[in-house]
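>>> Need coordinates for the following:
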Amino acid sequence: MFIPKMILLTFLTFIVSTLLTSCASSGTSALLGMGLGAGLGSGIGAMVDPGPKGRNRIRNVFIGATAGSLLGAGTGYLANEMTENAKKEGYTKGQLDAQTKRPTYSGDPGQPILVPAQVDVQYQEDQVRGNNFIPGHFEYRIVSPSHWRN
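Numbers count the residues shown, from 1 in each chain. Model prediction:
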């Protein structure tokens, strides 16, 4: 009688965890974490003391799988959020870098000066052309090439 309740509890935990983390971008990370956590948790639950005559071994496995799946789903979700935040920060930094001008170099008056190329930088948003998805990227166009100046 005890085992069906644990199976039901475990099944409900999986369903609730999946529904709470069902965002398209974070679902894969959370589900992967939940699966790995359930496997690791059930293994640890199997190694825990089963009590007299091994009566509590199945219960320990289910409790371990449930706890592991919850911890794994949470960890997968947080890892995905950290990755998304890093991507956003990189995008913002790239936009700021594209807007800054390169410094001009001044050298010894007797030496020629290498003037760096003038580059126009534009960010192209995500695009769909026909059946092809083109992710956002920077395009660099050389306005004037580098040259030597006396």
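
>>> Beyond the longest helix belonging to the chain, next helix or strand please.
Taking DSSP state H as the criterion, the chain has its longest helix at helix 57-99. Per DSSP states H and E, the first helix or strand lying C-terminal to helix 57-99 is strand 113-115.

>>> Please state the offset of that following strand from the chain centre?
Relative to its parent chain, strand 113-115 has a centroid offset of 42 Å by C-alpha atoms, centre = their mean, to the nearest Å.

>>> hmm, back to that, what mean pLDDT does the longest helix of the chain get?
Throughout helix 57-99, pLDDT has a mean value of 83.

>>> What's the local residue count around Leu96?
Counted with other C-beta atoms under 10 Å, residues neighbouring Leu96 total 9. In this view, the C-beta of every residue, glycine as well, is placed from N, C-alpha and C.

>>> ugh, wrong one, I meant Lys53
By other C-beta under 10 Å, 7 other residues sit near Lys53.

>>> is it true that Val128 touches Pro135?
No: the pair Val128 and Pro135 does not pass the contact test of C-beta atoms under 8 Å, sitting 10.6 Å apart.
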